[in-house]
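Peer 1: Provide a 3D model corresponding to the input given below.
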Amino acid sequence: NDKYKPQLELSAAYLLNQKVAVGLEYRMKPNNLSIAKEEDWFDMFIAYAPNKHVSFTLAYADLGNIVIEDKQRGVYASVQVGF
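Peer 2: Next up is the predicted model:
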């Protein structure tokens, strides 16, 4: 499809304190695939950064239908360390 159509993307986070953030994200998806219906996706997360070198994130993501796989959703966990 070569037509332009606005797609909404939202991202919001709230700092509970200097080390903890909670938030959510939402994205509309265009339905341009001929073999499957694309669906919007969203996620909710909580992130904890005990210091400037380490962070932990826990999230729930619902990606909807990805090509021919329905109900792509689950929990996401991440640890990031940087120096």
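
Peer 1: ok, which stretches of the chain are strands?
Peer 2: Taking DSSP state E, the strands of the chain run over residues 9-15, 20-27, 41-51, 54-62, 73-81.

Peer 1: want to try CSV for those, with mean pLDDT as columns?
Peer 2: Formatted as CSV, these follow (pLDDT from 0 to 100):
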stretch, mean pLDDT
strand 9-15, 96
strand 20-27, 96
strand 41-51, 96
strand 54-62, 96
strand 73-81, 95
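
Peer 1: figure out which of these is closest to I35.
Peer 2: Each of the strands of the chain was scored for nearness to I35 using CB to CB, and the closest is strand 41-51 (18.5 Å). Any C-beta I mention is one placed from the backbone N, CA and C, and that applies to glycine too.

Peer 1: pull up the pairing partners for that closest one, direction included.
Peer 2: Here the strand partners of strand 41-51, with direction, are listed using DSSP bridges: strand 20-27 (antiparallel), strand 54-62 (antiparallel).

Peer 1: picking up where we left off before, now the strands of the chain in a markdown table, with distance to L33?
Peer 2: Rendered in a markdown table, the data for those read as follows (distance: least, CB to CB, whole Å):
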| stretch | distance to L33 |
| --- | --- |
| strand 9-15 | 19 |
| strand 20-27 | 16 |
| strand 41-51 | 15 |
| strand 54-62 | 18 |
| strand 73-81 | 19 |
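
Peer 1: export the ones you listed to TSV and tack on mean neighbour count?
Peer 2: Below are the strands of the chain laid out as TSV (neighbours: other CB atoms under 10 Å):
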stretch	mean neighbour count
strand 9-15	10
strand 20-27	15
strand 41-51	15
strand 54-62	15
strand 73-81	10
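
Peer 1: dump the strands paired with strand 41-51 to CSV, plus distance to S11.
Peer 2: Conversion of those to CSV gives the following (distance: least, CB to CB, whole Å):
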stretch, distance to S11
strand 20-27, 5
strand 54-62, 13
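
Peer 1: now do stretch 15-25: distance to the chain's middle.
Peer 2: Distance of stretch 15-25 from the chain centroid (CA atoms, centre = their mean, to the nearest Å) equals 15 Å.

Peer 1: other residues contacting it?
Peer 2: 9-14, 42-50 (CB atoms under 8 Å, 6 or more residues apart in numbering).
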